[in-house]
Each structure stands twice: as structure tokens, then as C-alpha cells.
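Enquirer: predicted model, plus sequence, below.
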Amino acid sequence: AQKITQTQPGMFVQEKEAVTLDCTYDTSDPSYGLFWYKQPSSGEMIFLIYQGSYDQQNATEGRYSLNFQKARKSANLVISASQLGDSAMYFCAMRAPRAGGYNKLIFGAGTRLAVHP
Amino acid sequence: DTGVSQNPRHKITKRGQNVTFRCDPISEHNRLYWYRQTLGQGPEFLTYFQNEAQLEKSRLLSDRFSAERPKGSFSTLEIQRTEQGDSAMYLCASSLAGGSGIGGGYTFGSGTRLTVV
């Protein structure tokens, strides 16, 4: 089955520290894409970072980096130097042919991150 | 372009009433998606359009749901005879066909939160 698993319902981090949000995925497709989105209380899904299955290097976007371990089927999001504005829900998502094709995203249940001052 | 716009932001309706939501995608995007997000869960795919053609519908989309995208521009999602189980956030996203680059080109709107009482 094509599936995304986020095992941390909630995480706490002190401001300015780094935090890792876990994501494991299950697919038999050799070609797939992995995404992380941030959803603040306003509801909008904000794209953070993308990793293609054939990308040789881990993706990075500013303070966000993706720790991609293909053999373990994990795609953890690392947020460095946390800020109060990082408090939100974070969703890992996958796009793969057998998960319905490249036209839909399969999402995990999300992790709620709280950044404390 | 101000991104993907969804209206209304919030809708409260009585059980059994019909409701209609609107999504205005990014103007140059030819693909449009609808997702449903229930409390504490990640978004789930409902349907998508390429231009005006509805190319895929999820089994989640019962006969009471209908989506249209006349002229390949804005889209509407109608729910007939609403039930309490329809209470959720309805998210719209748009992209360019073949947008497999960074982030897959998906842009989400802020969603319409439906409460059925």
C-alpha cells in the first residue's frame, strides 16, 4: 500500500534550537516525490521542500533540510534555528504513480510543532 | 497573481442543506485539485481537473458531491444534502501539467472550513 507515516503527533522545541520531524513512506514505485508542507492555524498549506527519489543530494531550502534515507524509506524534515513563527502543523506527502499517479498527493497525519521562547 | 483563492473561508450550514464552494486557481495553472481535511488528519484527495475536464474522482466523492470547472478557470464544489460527517476543511490546489519540478508546482489555497450542524 502507498502510505505516509508520521509517528509524532506533537513536538516541542526551544527557540533557536534544531528539530527533526519524522516521516516514513511506503511505495514500490522506483520514481516518486516527497514533500513537506506547513499548515499554520490560518489553514493554508505552505510548501517547504521537495525531494525526488532520484535526487543524489538531500534537499535544502534555507532553514529547512530533508534527511532522505532511501533504503530506510524515511524523509525526515530538519528545521534549524527554530523561530516562534515555525509553530504549526507539518505534513509529509508523497506523489507516486502507484499512489494514484503524479496527479495527487498522499499525506501523512501530520505533526504539530510548538516552538517555545 | 495573488495565488489560489477560496471562498467562502467559513461556512456553517444545517444538515440537509446544499452548499457550494468556489476556487480560483493561479491563472496560468491548467490543473486544479480538491482535497478534504478532517480534524487531526492530513488532506485526502477528492478530485482533479485538467482544464475543464474532470479526470479523476476519489471514492470519497459520494453522489452528493459534484465538482465543475467550466471554461477551465475557476471551480466549484457542491455538496448536496449535507451531513455532519461532511464537516471538514476543503482545500483547493492548482498546478501546471507536467510540473514535476520543485514542489511539483502545487499551490494550495487557504481552504473553506465547513461546519454542518
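Expert: Great, that's in hand.
Enquirer: can we go C-alpha only for contacts and neighbour counts from here?
Expert: OK.
Enquirer: which element is whichever residue of chain A sits closest to chain B on?
Expert: In chain A, the residue that lies nearest chain B is residue A:44 (3.9 Å; Cα to the nearest Cα). Using DSSP states H and E, residue A:44 sits within no helix or strand.
Enquirer: was I right to think it contacts residue B:113?
Expert: No: when contacts are counted by Cα atoms under 8 Å, residue A:44 is not listed as touching residue B:113 (11.3 Å).
Enquirer: picking that back up, burial measure for the residue of chain A closest to chain B, as a count.
Expert: Residues lying near residue A:44 (other Cα atoms under 10 Å in any protein chain shown) number 19.
Enquirer: which residues are in contact with residue A:23?
Expert: Contact analysis of residue A:23 by Cα atoms under 8 Å, 6 or more residues apart in numbering or on different chains lists A:4, A:5, A:6, A:7, A:74, A:75, A:76, A:77, A:92.
Enquirer: what about 6 Å?
Expert: Residues in contact with residue A:23 (Cα atoms under 6 Å, 6 or more residues apart in numbering or on different chains) are A:5, A:6, A:74, A:75, A:76.
Enquirer: if you rank the residues you listed by neighbours, which is first?
Expert: Neighbour tally across the contacts of residue A:23 (other Cα under 10 Å): the maximum, 25 neighbours, falls on residue A:75.
Enquirer: per-residue confidence for the closest residue to chain A within chain B?
Expert: Nearest residue of chain B to chain A, counting by Cα to the nearest Cα: residue B:110, 3.9 Å away. Residue B:110 is assigned a pLDDT of 93 by the prediction.
Enquirer: find the nearest non-adjacent residue to it, please.
Expert: Sequence neighbours aside, residue A:44 is the residue nearest to residue B:110 in space, at 3.9 Å (criterion: Cα to Cα, 6 or more residues apart in numbering or on different chains).
Enquirer: mind listing the strands for the chain?
Expert: This is for chain A. Per DSSP state E, chain A carries strands over the ranges A:3-5, A:10-14, A:19-21, A:24-26, A:33-39, A:46-52, A:60-61, A:64-69, A:74-79, A:88-96, A:101-107, A:111-116.
Enquirer: hmm, I had chain B in mind actually
Expert: B:5-7, B:10-13, B:19-24, B:31-37, B:44-50, B:53-57, B:65-68, B:75-79, B:88-95, B:107-108, B:112-116.
Enquirer: what comes into contact with the longest one?
Expert: Contacts of strand B:88-95 with the rest of the structure, by Cα under 6 Å, 6+ apart, involve B:25, B:29, B:31-38, B:105-109, B:111-114.
Enquirer: which among the residues you listed count as buried?
Expert: B:25, B:29, B:31-37, B:105-109, B:111-114 (16 or more other Cα atoms under 10 Å in any protein chain shown).
Enquirer: my guess is the residue nearest to residue B:110 contacts residue B:112. True?
Expert: No: Residue A:44 is beyond contact range of residue B:112, at 10.0 Å (criterion: Cα atoms under 6 Å).
Enquirer: please point out which parts of the worst-scoring helix or strand of chain A on mean pLDDT sit buried.
Expert: Ranked by mean pLDDT, DSSP states H and E, the helix or strand of chain A with the weakest confidence is strand A:101-107, at a mean of 82. For strand A:101-107, burial by neighbour count (16+ other Cα under 10 Å) applies to A:102, A:103, A:104, A:105, A:106, A:107.
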